[in-house]
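Novice: Compute the structure for the input listed below.
(one chain, ligands or ions: 1)
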Amino acid sequence: MFGYRCKKCGKLHHPARLVCDKCGGREFAEEVLDGEGTLLTYTRVYNLPAGIDKSQLDFGIVEMREGVRVSAQLDVKGEVETGMKLKATEGVVRVMNGVEHRGFIFVDAD
Ligand SMILES: [Zn+2]
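Specialist: Numbering: from 1, shown residues only. Below you'll find the predicted structure:
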């Protein structure tokens, strides 16, 4: 997982963007994130779009240790609770017309 640090003001972004929302800078340096963070909030979705073969799914916003916020699917073992420690893994988030789409999925940190 990568973050993108503005070369002008130092603000870290995820995902990558063309223009820094803090200073308007347009140059970024790629930075490796360690993948661990804290769950800020989440939503449980029951009516899922085609290509997701599950009856329900949790989507969360995770504040990474580096301070940047990432939204992604959650796949924790027990109950989802805000404030829990999570880590990013990569996996299949959706299958469309037989093609697997990969993305980040947050799981329990320990
Ligand atoms: Zn900036």
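
Novice: Remind me what the helix or strand where L40 lies packs against, helices and strands.
Specialist: Counting by DSSP states H and E, the element that carries L40 is strand 36-45. With contacts taken as 3 or more CB pairs under 8 Å, 6 or more residues apart in numbering; DSSP states H and E, strand 36-45 sits against strand 57-64, strand 69-74, strand 85-96. (Glycine included, C-beta is placed from N, CA and C.)

Novice: Now that E27 has come up, it's in contact with C6, right?
Specialist: Yes: counting by CB atoms under 8 Å, C6 is a contact partner of E27 at 7.5 Å.

Novice: a markdown table for the helices and strands packed on strand 36-45, including distance to the ion, mean pLDDT and mean neighbour count?
Specialist: Listed next are those as a markdown table, based on distance: least, CB to the ion, whole Å; pLDDT from 0 to 100; neighbours: other CB atoms under 10 Å:
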| stretch | distance to the ion | mean pLDDT | mean neighbour count |
| --- | --- | --- | --- |
| strand 57-64 | 18 | 96 | 18 |
| strand 69-74 | 16 | 94 | 18 |
| strand 85-96 | 24 | 93 | 15 |
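
Novice: Now distance to K22 too, for those, in a markdown table please.
Specialist: Shown next, in a markdown table, are these (distance: least, CB to CB, whole Å):
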| stretch | distance to K22 |
| --- | --- |
| strand 57-64 | 17 |
| strand 69-74 | 14 |
| strand 85-96 | 24 |
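
Novice: Of all those strands, which one is nearest L48?
Specialist: The closest of those to L48 is strand 57-64. By CB to CB, the value is 5.8 Å.

Novice: tell me which parts of this protein are close to the ion?
Specialist: For the chain, the contact set with the ion under CB under 5 Å from the ion comprises 6, 8-9, 11, 20, 22-23, 25.

Novice: taking the residues you listed one by one, which sit in strands?
Specialist: C6 (DSSP state E).
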